[in-house]
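need a 3D model of the following:
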Amino acid sequence: MSDAAGPGPLVAPGRPGASGMSAGSDVETTGVFVGAYAASPAHSAWDARLESEFFDELDAVPELRGVELPWMGALHPHDDAWLLRSFPRRFDAVLTSIPGTMKRLGTTPLYGLASRDADGRAAALAEAGRIRGAVRRLNDAVGRRAVTAVELHSAPSAGRGDVASLAASIAELSADADAWDGATIAIEHCDAFVPSHQPEKGFLDLTDELAAIADRPAWVGLSINWGRSAIELRDGELVTAHIRQAAASGRLRGLMLSGASAELSPFGGPWVDAHHPMTPSSSFPYGEPSSMLTEDLLRDAIAAAGAVDWLGFKFGWADREAPVGPRVDMIATAAAAVTAASQGAGMRGAAVPPKLGG
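Sure thing, here's the model as predicted:
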């Protein structure tokens, strides 16, 4: 199923960066991203040797364009200096602030860019400023604009936020394109607050998030994680319509494929946001049987998204004691499957704010 030559050009015309190159670099923007931290052998307990082996083997997977990095107050959960030294120079990066956002919400329930509380919103804006500084640090270390996007969130949960507050925050953060050093700002949609069931995140709904960015520059957009939409909608078949809604707005910039489950599994309880792999198949033996994400739904999602700036997947690994080899083999097998599914779908190259050029 692997095709070492890759899927060919995945860049749609008509946007900055449409040459298929990252701004200021000669690195092609083909391939897929992986949220590798979900399968890392050193995410929970730091081991520099294991993480180095893990990243070295990821670098050898030809279908991978880059990694999604989890922001928890720093570029790396354990060692920023290690990451700046060891980040594969051919890779691009997407930074997601969701791990840090959830950590802050655990102690400060009014924290978030959509918060009605002035202090909670100010704290989230300050954290976004720290992420912006980290974008430049990583780009400087790699020697080019490697950071494709920064994913921000419409926290807090349980009705403590609103669209006006989120719109004000995004307006402030997007006022200076140069400050983001070539990165797109994307609101990463998480499961919205729905009165009928207990949310996992419970942020704003997709319609409100799209409204909050409607008058922002074209380099500000939205991303969808399949599993988080499934947690909200309680139905994998409905996620495709969610993705179509985002794509129809013209603001969908990224799609990350993760599963979800209505059942207890090795990844945790029902409806937990634990990055379940897709279901097992002859081409993907590492799957989780209870996952709602099937190969057919994965293909439907990619087709519904159409041309996006980045496409990726985030599949966890339940056995904490497993060595690096099978973890990377799972990622390589998934990367080949996602690449094959994206054939003919078309992807844009890394979005570059208009002020920064190509």
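
how about residue 224, phi and psi?
Dihedral pair for residue 224: phi -130, psi 140, per degrees, to the nearest 10.

meant to ask about residue 291, not that
According to degrees, to the nearest 10, residue 291 has phi -70, psi 140.

quick check: bridge partners of the nearest residue in space to it that is not next to it in sequence?
Closest residue to residue 291 apart from its sequence neighbours, by CB to CB, 6 or more residues apart in numbering: residue 259 at 3.6 Å. The way it works is simple: take the backbone N, C-alpha and C, and place the C-beta from them, glycine included. With DSSP bridges applied, residue 259 shows beta-bridge pairing to residue 276.

please report the distance of residue 259 from residue 292.
6 Å (CB to CB, to the nearest Å).

tell me which of those two has more neighbours.
Set side by side, residue 259 and residue 292 show more neighbours around residue 259, with 29 against 24, by other CB atoms under 10 Å.

quick check: residue 195 vs residue 205, distance?
Separation of residue 195 from residue 205 (CB to CB) stands at 12 Å.

what's the first helix or strand after the longest helix belonging to the chain?
Counting residues, the longest helix in the chain under DSSP state H turns out to be helix 118-142. Following helix 118-142 in sequence order, the next helix or strand is strand 147-152 (DSSP states H and E).

name the residues that touch that next one?
22, 29, 66, 92-98, 113, 128, 131-132, 135, 138-139, 170, 173, 180-188, 223, 253-254, 309-310, 350-351 (CB atoms under 8 Å, 6 or more residues apart in numbering).

and the angle for that strand with helix 118-142?
160 degrees (axes from the mean of the first three to the mean of the last three CA atoms, to 10 degrees).

so which bits of the very next helix or strand once past strand 147-152 are buried?
Later in the chain than strand 147-152, the nearest helix or strand by DSSP H and E is helix 163-173. Using 16 or more other CB atoms under 10 Å as the test for burial, helix 163-173 gives 163, 165-170, 173.

so which pair among the residues you listed is furthest apart in space?
Using CB to CB, the buried residues of helix 163-173 span at most 15.5 Å, a distance reached by 163 and 173.

in strands only, show me the contacts of strand 147-152.
Residues of these located in strands (DSSP state E): 66, 92-96, 184-188, 223, 253-254, 310.

quick one: which of those is nearest residue 326?
residue 66 (21.8 Å).

you'd agree that closest one is up against residue 146?
Yes. Contact criterion CB atoms under 8 Å: residue 66 and residue 146 qualify, at 7.5 Å.

so what sits against both of these two?
Common contacts of residue 66 and residue 146 (CB under 8 Å, 6+ apart): 91-93.

in CSV: these, plus pLDDT.
CSV is the format used below for those (pLDDT from 0 to 100):
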residue, pLDDT
91, 98
92, 98
93, 98
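
buried ones among the residues you listed?
Using 16+ other CB under 10 Å as the burial test, the shared contacts of residue 66 and residue 146 include 91-93 as buried.

looking at those residues, which is nearest residue 304?
residue 92 (23.4 Å).

what's the closest non-adjacent residue to the closest one?
Residue 92 sits nearest to residue 66 (CB to CB, 6+ apart), 3.5 Å away.

same check, this time on residue 213
residue 220 (5.2 Å).

equivalent analysis for residue 136, please.
The shortest distance from residue 136 to any residue other than its chain neighbours is 4.9 Å, reached at residue 181 (CB to CB, 6+ apart).

quick check, the one you found in contact with residue 139.
Yes. Here residue 181 reaches residue 139: they are 5.3 Å apart, a contact under CB under 8 Å.

now list whatever residues contact both of these two.
145, 147.

count of residues packed around the nearest residue to residue 41 once chain neighbours are set aside?
Spatial nearest neighbour of residue 41, chain neighbours left out: residue 50 (4.5 Å); criterion: CB to CB, 6+ apart. By other CB under 10 Å, the residues close to residue 50 number 17.

likewise residue 205?
With other CB under 10 Å as criterion, residue 205 counts 16.

on that earlier part again, now, of the ones in strands among the contacts of strand 147-152, which are buried?
66, 92-96, 184-188, 223, 253-254, 310.

now, which of those residues sits nearest residue 85?
Residue 85 has its nearest neighbour among those in residue 93, at 14.7 Å by CB to CB.

my guess is the closest one meets residue 71, correct?
No. The pair residue 93 / residue 71 is not scored as a contact, 10.8 Å apart, by CB under 8 Å.

circling back to that earlier point, tell me the one of the ones in strands among the contacts of strand 147-152 nearest residue 330?
residue 66 (17.7 Å).

does that closest one have any beta-bridge partners, and if so which?
residue 33, residue 92.

could I get the pLDDT score of the closest residue to residue 251 other than its chain neighbours?
Leaving out its chain neighbours, the residue that sits closest to residue 251 by CB to CB, 6+ apart is residue 221, at 4.5 Å. Residue 221 is assigned a pLDDT of 98 by the prediction.

who touches the helix or strand containing residue 221?
Using DSSP H and E, residue 221 sits within strand 220-225. For strand 220-225, the surrounding residues in contact (CB under 8 Å, 6+ apart) are 149, 151, 170, 174, 184-190, 206, 209-210, 213, 242-243, 246, 249, 251-258, 305, 309-310, 314, 351.

stretch 34-49 too?
Against stretch 34-49 from outside (CB under 8 Å, 6+ apart): 50-51, 54-55, 58, 64, 66-70, 77-79, 82, 96, 256, 258, 275, 312-317, 320, 322-324, 327, 330-331, 334-335.

same question, stretch 318-326
41, 44, 50, 53-54, 57, 265-267, 286, 288.

lovely, talk soon.
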